[in-house]
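Peer 1: Have a look at this prediction, sequence included:
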Protein chains: 2
Amino acid sequence: MTHISEPTVRRLSHYYRVLEEVAAEGKRMISSHLLAEREGITSAQVRKDLSAFGSFGRRGLGYHVEHLRDEIRALLGLDRRWRACVVGAGHIGTALLGYRGFADQGFDIVAAFDNDPERIGRTIDGLIVRPLGQLSAKDGFEIGVIATPAAAAQAVADALVAAGVQGILNFAPRKLRVPESVTVRAVDMTMEFESLSYALTHARAAGPRRRRRASR
Amino acid sequence: MTHISEPTVRRLSHYYRVLEEVAAEGKRMISSHLLAEREGITSAQVRKDLSAFGSFGRRGLGYHVEHLRDEIRALLGLDRRWRACVVGAGHIGTALLGYRGFADQGFDIVAAFDNDPERIGRTIDGLIVRPLGQLSAKDGFEIGVIATPAAAAQAVADALVAAGVQGILNFAPRKLRVPESVTVRAVDMTMEFESLSYALTHARAAGPRRRRRASR
DNA sequence: CCTACTTTGTGAAACCTTTCACGAGCGAGC
DNA sequence: GCTCGCTCGTGAAAGGTTTCACAAAGTAGG
């Protein structure tokens, strides 16, 4: 297994999605062509991506839906659970605490933190908001979710790293500096707004230019 | 001005961020090197990106912070406002309705829709949730924000397209099919979770491999 | 068993993006 | 006015990703 690129991992996520749907529809096998079509990419891309991890298909038949789904689930590490905490109990943090998608993907949010005295002590979706100062390595969090304003994000990241998290999911529009051993993924709404704004602003002048990454 | 790539536009967004901060700090000029450092990329990348739009810098001096910020603001289309509606008044939709970041970037959310009778009629952040059926071209929405479960996303997208939106910001984890004239940008939390899960799962085995896109 | 058809897995080619490296412009100090 | 040091803008090179195209392997039907 050679090096796996970021884009490949992201597409794995897409394949997983499609396979769950297709499995629910009761289909037994699926070809790379069909799998590709659903997410708007090419069949060669699907085969190339999957071949980086092994040979999951059968020539002439395609891929066994449930089997491939389970393989990808394991590859993505979705067959285990992660202990996570959310920092920031504002609009976005609150939404995340109530969001079922987290649990579905194996993230158990077991604590919520904030610095605002107004919010500390409140109960959101069964969790009591605790003061950020209480965040410590003793809780054994593996993942920290940052849902604070941009200005606080780096300090929170530092605190999370000090508390021993291995990964950070960052919803604040700021680049974080963390040790190499900590993985960061960003959900950057601001950037998507602005990218959309750019596209709309230039749409009349230039028209749709490239299809490949025009949408995700 | 040749063709502008997606990654370049996304970085423009980053530069804009940094420039706003730096302007607030009162700095007059900034070099490509400093600008790059803040977002963890190379100075050559910054210069290349900017040069695609024109010559904004002065050799020996760098870039004038406020001037470059204003140029990028205009390039991104942030110097105008967009009429937007949010469809889906669940956890995420509600958070978006209360989120100040939208207004800051020029998105005026002027309506909220949902299909759940439980939610219709409620007031969220000053907006009354209306039934999805009332979504029509008469409202003159330029942008639609989808914050529904995945299963409903495509139908909502179709309705938005029928109502004449030019762009869609999609928070549902599903690829949307829309006409070429409509631009879609996706904020895909699910994919980021899964990408993080993958990275953590394989971290011990492989170690940090590449820095370039390790985090954003 | 043999032919016709389907689909995978994969090297090679095409394409795109990033990084390098350097000429050229600019201010400062003398 | 001249030199020095700094920094931009940009072709060329390097590096990475996607697409192409085809051999190999399988099924189905007779």
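Peer 2: Sure thing, it's come through.
Peer 1: Residue A:123: neighbour count?
Peer 2: Neighbourhood size, residue A:123 [other CB atoms under 10 Å in any protein chain shown]: 9. C-beta here means a position set from N, CA and C on the backbone, and glycine is covered the same way.
Peer 1: Are we agreed that residue A:176 is in a strand?
Peer 2: No - judged by DSSP: H, G, I helix; E, B strand; the rest coil, residue A:176 forms no part of a strand; its state is coil.
Peer 1: where's it relative to residue A:188, distance?
Peer 2: The gap separating residue A:176 from residue A:188 is 12 Å, by CB to CB, to the nearest Å.
Peer 1: now residue A:181
Peer 2: 23 Å.
Peer 1: For residue A:30, what are phi and psi?
Peer 2: In terms of degrees, to the nearest 10, the main-chain angles of residue A:30 are phi -150, psi 140.
Peer 1: do stretch A:108-126 and chain B meet?
Peer 2: No - judged by CB under 8 Å from any CB of the partner chain, stretch A:108-126 stays clear of chain B, getting no closer than 9.2 Å.
Peer 1: Low-confidence bits of chain A, can you list those?
Peer 2: A:1, A:204-216 (pLDDT under 70).
Peer 1: where along it do the strands fall?
Peer 2: Remark: strands assigned in chain A by DSSP state E are A:29-30, A:57-58, A:62-64, A:82-87, A:107-114, A:123-124, A:127-131, A:143-146, A:167-170, A:183-186.
Peer 1: Could you export those as CSV, including distance to residue B:95?
Peer 2: As requested, the strands of chain A are exported to CSV (distance: least, CB to CB, whole Å):
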stretch, distance to residue B:95
strand A:29-30, 35
strand A:57-58, 41
strand A:62-64, 37
strand A:82-87, 13
strand A:107-114, 14
strand A:123-124, 12
strand A:127-131, 16
strand A:143-146, 14
strand A:167-170, 15
strand A:183-186, 17
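Peer 1: Out of those strands, which gets nearest to residue A:198?
Peer 2: Of all the strands of chain A, it is strand A:183-186 that lies closest to residue A:198, at 18.6 Å by CB to CB.
Peer 1: now for that closest one, which elements pack on it?
Peer 2: Counting contacts by 3 or more CB pairs under 8 Å, 6 or more residues apart in numbering or on different chains; DSSP states H and E, strand A:183-186 packs against strand A:167-170, helix B:189-206.
Peer 1: touching chain A at all, the longest one?
Peer 2: Yes - counting by CB under 8 Å from any CB, chain A is contacted by helix B:189-206 at B:189-203.
Peer 1: ok, residue A:181 and residue A:188, which is more surrounded?
Peer 2: Comparing residue A:181 with residue A:188 by other CB under 10 Å, the one with more neighbours is residue A:188, at 23 against 10.
Peer 1: gap between that one and residue B:31?
Peer 2: 25 Å.
Peer 1: Now tell me what touches stretch A:40-60 from outside.
Peer 2: A:1-2, A:4, A:8, A:11-12, A:15, A:31-33, A:35-36, A:63-64, A:67-68, A:71, A:75, A:215, B:175, B:177 (CB atoms under 8 Å, 6 or more residues apart in numbering or on different chains).
Peer 1: try stretch A:129-143
Peer 2: With CB under 8 Å, 6+ apart, stretch A:129-143 has contacts from A:82-85, A:87, A:89, A:107, A:110-115, A:119-123, A:156, A:159-160, A:162-169, B:196, B:200.
Peer 1: Weed out the non-buried ones from those.
Peer 2: A:82, A:84-85, A:87, A:89, A:107, A:111-115, A:119-120, A:156, A:159-160, A:163, A:165-169, B:196, B:200 (16 or more other CB atoms under 10 Å in any protein chain shown).
Peer 1: filter those residues by proximity to DNA strand D?
Peer 2: Among these, not one lies near DNA strand D by CB under 7 Å from any atom of the strand.
Peer 1: need the contact list for residue A:105.
Peer 2: A:78, B:190, B:193-194, B:197.
Peer 1: Nearest to residue B:26, out of these: which one, please.
Peer 2: Using CB to CB, those come closest to residue B:26 at residue B:193, 39.1 Å.
Peer 1: What is the neighbour count of that closest one?
Peer 2: Applying other CB under 10 Å, I find that residue B:193 has 28 neighbouring residues.
Peer 1: Residue A:47 versus the residue lying closest to it once chain neighbours are set aside, what's the distance?
Peer 2: In this structure, residue B:193 finds its nearest non-sequential neighbour in residue A:105, 4.8 Å apart by CB to CB, 6 or more residues apart in numbering or on different chains. Using CB to CB, residue A:105 is found at 26 Å from residue A:47.
Peer 1: Flag every residue of chain A that's near DNA strand D.
Peer 2: So chain A meets DNA strand D at A:5-8, A:41-42, A:44-45, A:47-48, A:58-61, A:212 (CB under 7 Å from any atom of the strand).
Peer 1: for the helices and strands packed on strand A:183-186, which one ends up most surrounded?
Peer 2: strand A:167-170 (a mean of 26; mean count of other CB atoms under 10 Å in any protein chain shown).
Peer 1: Not counting that one itself, show me its contacts.
Peer 2: By CB under 8 Å, 6+ apart, strand A:167-170 touches A:82, A:84, A:142-146, A:153, A:157, A:160, A:176, A:178, A:182-187, B:192-193, B:196, B:199-200, B:215.
Peer 1: what residues are up against residue A:36?
Peer 2: Residue A:36 neighbours (CB under 8 Å, 6+ apart): A:42-43, A:45-46.
Peer 1: Tell me how far it lies from residue A:49.
Peer 2: Residue A:36 is 10 Å from residue A:49, by CB to CB.
Peer 1: thinking again about what came up before, which of the contacts of residue A:36 fall within helices?
Peer 2: A:43, A:45-46 (DSSP state H).
Peer 1: Which one of those residues sits in the busiest neighbourhood?
Peer 2: Result: residue A:46 is most packed of these (other CB under 10 Å), 25 neighbours.
Peer 1: so how far is stretch A:54-69 from its chain's centroid?
Peer 2: 25 Å (CA atoms, centre = their mean, to the nearest Å).
Peer 1: now do stretch A:76-83
Peer 2: That offset, for stretch A:76-83, works out to 12 Å (CA atoms, centre = their mean).
Peer 1: What's the PyMOL line that selects buried ones from the residues of chain A next to DNA strand D?
Peer 2: Entered in PyMOL, the line below selects the buried ones among those, by 16+ other CB under 10 Å:
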select buried, chain A and resi 8+41+45+47
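Peer 1: Quick check, residue A:115 in contact with residue A:152.
Peer 2: Yes - between residue A:115 and residue A:152 there is a contact under CB atoms under 8 Å: 7.4 Å.
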